Structure formats: structure tokens, C-alpha cells
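K.L.:
with the input below, show me the fold.
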Amino acid sequence: MVWLAVFLAVLGAFFLAFGAQRQGSAVKADMGGLSLSSRSALRLIRNPRWIFGLLLLAMGMGCNMIALVSAPLTVVQPIGAIALVITTVVNSKDQGITLNRPTVVAISSCVTGSALFVLLAVNATVENHNVEPDEELAIVLLLALTVGIFGTLAATLRHRMGAFVYIIGAGVLFGFVAVLTRIIGRDLLDPNGQFLLNVQWYSVLAIVAAGGLGSWFVQSAYSSGPPDLVIAGLTVVDPIVGIAIGITILGELRPDVPAVLAVAMAAAAVVAIVGVIALSRHHPEVAKRRKDAARELRGGGGPEARSHTGG
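P.N.:
As a prediction, this is how the structure comes out:
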């Protein structure tokens, strides 16, 4: 069952990669680097490219949901790093971008670290079929606090938040969504035959709130950064949050895990995280945006400054 879940997670990564690239290019073409607003969001839902990307993302999420119900979080979550490679290749061809060596090394670091983590996690985790009500409630309360923090940041600092902050926020929120998706899926499949009656209303509400805010963060990140950077952040931050919850609250880590295996898992995670940080600094599109911003400052300011001078 675990390897079937791995296959579905890989398939989902393909859908997510192409969906993210389609949506990212649509947001960039429609908004030109401006902050996401309610008006621009309404334009996006009429954009065929964005809608197609949404359908692909939905298919990818469907595959990932089945995988989450079929295997431990620590196995399924990191596989999404495969989407990073696909997104990077597709986006570079679509935008005519030539990848530099630091970008290739950063992507390799992300994928290698995540793949190694998956192989180690298969031998270090155990499924937790019975999630206690207090464990589920603890996750929801922690998510409510997280939504409150990131929601406040989005409301007060929306015009000053960069792509990387949006990526971190989306990764954290979707990490919680993955955990609750797995819990609800297990509730629906409970052999007691009560189906929806097993599902807690507050978990559903929490998924809706976190998924909505996380989606807004993703679209905002697309407007100020390349889609492969968005995917890189999500495929590293999302699993880290999910794995942390799986280990600390749901008890998915085996009690007899050798110390060397735990250290190796931590090292693999660090390699993946360093890859994301490097990608956020050296990606050609990010570097171009940085140079354009510096050029505008040397030229006497950005579009706002020029508008005051009649330019």
C-alpha cells in the first residue's frame, strides 16, 4: 500500500507541476508583478490558461489526497519535490530562460534531499490509524493560531511582502491541510460505517480557512516570483510542517529508530532547505527582478516616482 501511495504522489507531482506553471504564467501575464487584489483575482478566473492550471492542480491534489490516506505523512509529503524539476524545465522553455549553474545546483539539492528523506522515512515511520480526538483538536487549534498570524500579516503588510514570505506562509498552511486531509480521509474510511458522521466539523472548517488563505498566498507569490521557486518552497516547507506534526502529535516515528537514521533524515532535510534558499537567491528570474529594481532606484525611483514627474 505504501508503494501505491508513492506512485500516486509522483503522479500528483506531475499534475501539480504543470498546473503551477500554467497558473504562474497566467498571473504574471495578467498582473505584471503587481500585488494580487480582489479585482485582479476576478480577471484570473476568466483566464483560460489559469483555469486549465486550476484543473491540473485539482487532479494533482486528488492523487495526493489518496496517497495521504494510504501511507504515512513522512513518506508521501516529500515526494512533491519531483514537481520542482518538471516546473523548472517547463517554465524555462516557456519563458525563454537559460538556467545558470547555481540554479541547477539548487534544484539538485532540493530533489536529492527530498528523495533521500523519502527513502529513509519508509524505514523510520509507522502508520497511525487511530487519531485521538484531542490530537485532532490540538492540530486544529494550532492551525487556527497559524491562520491568524499569516492572515494578519497579509492584511497589514500585503504590499511589502515578497514572494519568499508568501511561499513560507503557503507551505506552512498547506502542511496543516495535508495532515487534516489524511485524518478526514481515515474518518471516512472507518469500518464503523458512519462515514461523514466520523468527521469533525471544526476540521472541515479549518481546511477551508487554511486552504483559502494558502491559495491566496500562492497566487500572490506567482505575481512576484517564478513558479519553480513557488513549487520549491511548497515542496520543502509543506513536508517539514506535515512531518513535524506527524512525528510530534500523531506519533508516526518508530520508537526504535537508530540515531544514525534520524541524523541522516535531518541532514537530508537540511540539504533540501538549503536548496530552496539558494534557488530564491540565484534563480535567473529572481536575479533579473533584483537588477531591474536596482536600476529603477538608480534612475530616481520606480513607477510611482516617475508618475509624479509625468514620466
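K.L.:
distance of the residue nearest the centre of the chain relative to residue 174?
P.N.:
Per Cα atoms, centre = their mean, the C-alpha nearest to the average position across the chain is that of residue 234, at 2.3 Å. According to Cβ to Cβ, to the nearest Å, residue 234 stands 6 Å off from residue 174. For the C-beta atoms, the positions are set from N, CA and C on the backbone; glycine is no exception.
K.L.:
now the residue nearest to the centre of the chain: which helix or strand?
P.N.:
Here residue 234, judged by DSSP states H and E, is contained in helix 227-248.
K.L.:
show me what that helix packs onto, helices and strands only.
P.N.:
helix 2-31, helix 73-76, helix 82-95, helix 101-122, helix 163-188, helix 201-224, helix 259-282 (3 or more Cβ pairs under 8 Å, 6 or more residues apart in numbering; DSSP states H and E).
K.L.:
report the buried residues of that helix.
P.N.:
227-243, 245-247 (16 or more other Cβ atoms under 10 Å).
K.L.:
report the buried residues of stretch 262-269.
P.N.:
Result for stretch 262-269 [16+ other Cβ under 10 Å]: buried residues 264, 265, 268, 269.
K.L.:
contact partners for the second one?
P.N.:
Spelled out, it's residue 265. When contacts are counted by Cβ atoms under 8 Å, 6 or more residues apart in numbering, residue 265 is found next to 117, 120, 121, 124.
K.L.:
on that earlier part again, now the helix holding residue 234: how far from the chain's centre is it?
P.N.:
6 Å (Cα atoms, centre = their mean, to the nearest Å).
K.L.:
and the closest residue to residue 23 other than its chain neighbours, how close does it get to residue 286?
P.N.:
Among residues not flanking residue 23 along the chain, residue 53 sits closest, at 3.5 Å (Cβ to Cβ, 6 or more residues apart in numbering). Distance from residue 53 to residue 286, counting by Cβ to Cβ: 21 Å.
K.L.:
and these two? Which one has more around it.
P.N.:
residue 53 (25 against 20; other Cβ atoms under 10 Å).
K.L.:
returning to what we had before: alpha carbons only: can I get the helix holding residue 234 in PDB?
P.N.:
Extracted in PDB, the C-alpha atoms of helix 227-248 (Å, rounded to 0.1, in the frame of the first residue of the first chain):
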ATOM      1  CA  PRO A 227       6.600  29.300 -10.400                       C
ATOM      2  CA  ASP A 228       9.500  27.000  -9.900                       C
ATOM      3  CA  LEU A 229      10.500  29.000  -6.800                       C
ATOM      4  CA  VAL A 230       6.900  28.700  -5.500                       C
ATOM      5  CA  ILE A 231       7.000  25.000  -6.100                       C
ATOM      6  CA  ALA A 232      10.400  24.700  -4.400                       C
ATOM      7  CA  GLY A 233       9.100  26.400  -1.300                       C
ATOM      8  CA  LEU A 234       6.000  24.400  -1.100                       C
ATOM      9  CA  THR A 235       7.700  21.000  -1.600                       C
ATOM     10  CA  VAL A 236      10.100  21.700   1.200                       C
ATOM     11  CA  VAL A 237       8.200  23.800   3.800                       C
ATOM     12  CA  ASP A 238       4.900  21.800   3.300                       C
ATOM     13  CA  PRO A 239       6.500  18.400   4.100                       C
ATOM     14  CA  ILE A 240       8.500  19.800   7.000                       C
ATOM     15  CA  VAL A 241       5.400  21.000   8.700                       C
ATOM     16  CA  GLY A 242       3.500  17.800   7.900                       C
ATOM     17  CA  ILE A 243       6.300  15.700   9.100                       C
ATOM     18  CA  ALA A 244       6.700  17.700  12.300                       C
ATOM     19  CA  ILE A 245       3.000  17.200  13.100                       C
ATOM     20  CA  GLY A 246       3.100  13.600  12.200                       C
ATOM     21  CA  ILE A 247       6.100  12.900  14.500                       C
ATOM     22  CA  THR A 248       5.300  15.100  17.400                       C
END
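K.L.:
hang on, the earlier thing: please identify which of the buried residues of stretch 262-269 is nearest to residue 257.
P.N.:
residue 265 (8.6 Å; Cβ to Cβ).
K.L.:
can you read off the pLDDT for that closest one?
P.N.:
According to the predicted model, the pLDDT of residue 265 comes to 87.
K.L.:
poorly predicted segments of the protein, please.
P.N.:
30-41, 73-74, 77, 127-129, 159, 293, 299-311 (pLDDT under 70).
K.L.:
next up, the contacts around the residue nearest to residue 23.
P.N.:
Taking Cβ under 8 Å, 6+ apart, we find residue 53 in contact with 18, 19, 20, 21, 22, 23, 24, 26.
K.L.:
as CSV, these with distance to residue 193 would be great.
P.N.:
Converted to CSV, these look like this (distance: Cβ to Cβ, whole Å):
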residue, distance to residue 193
18, 38
19, 35
20, 38
21, 42
22, 40
23, 39
24, 43
26, 44
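K.L.:
include distance to residue 137 and neighbour count when you put those into a markdown table, please.
P.N.:
What follows is the contacts of residue 53, written out as a markdown table (distance: Cβ to Cβ, whole Å; neighbours: other Cβ atoms under 10 Å):
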| residue | distance to residue 137 | neighbour count |
| --- | --- | --- |
| 18 | 37 | 20 |
| 19 | 33 | 25 |
| 20 | 32 | 27 |
| 21 | 38 | 30 |
| 22 | 38 | 24 |
| 23 | 34 | 25 |
| 24 | 36 | 30 |
| 26 | 39 | 22 |
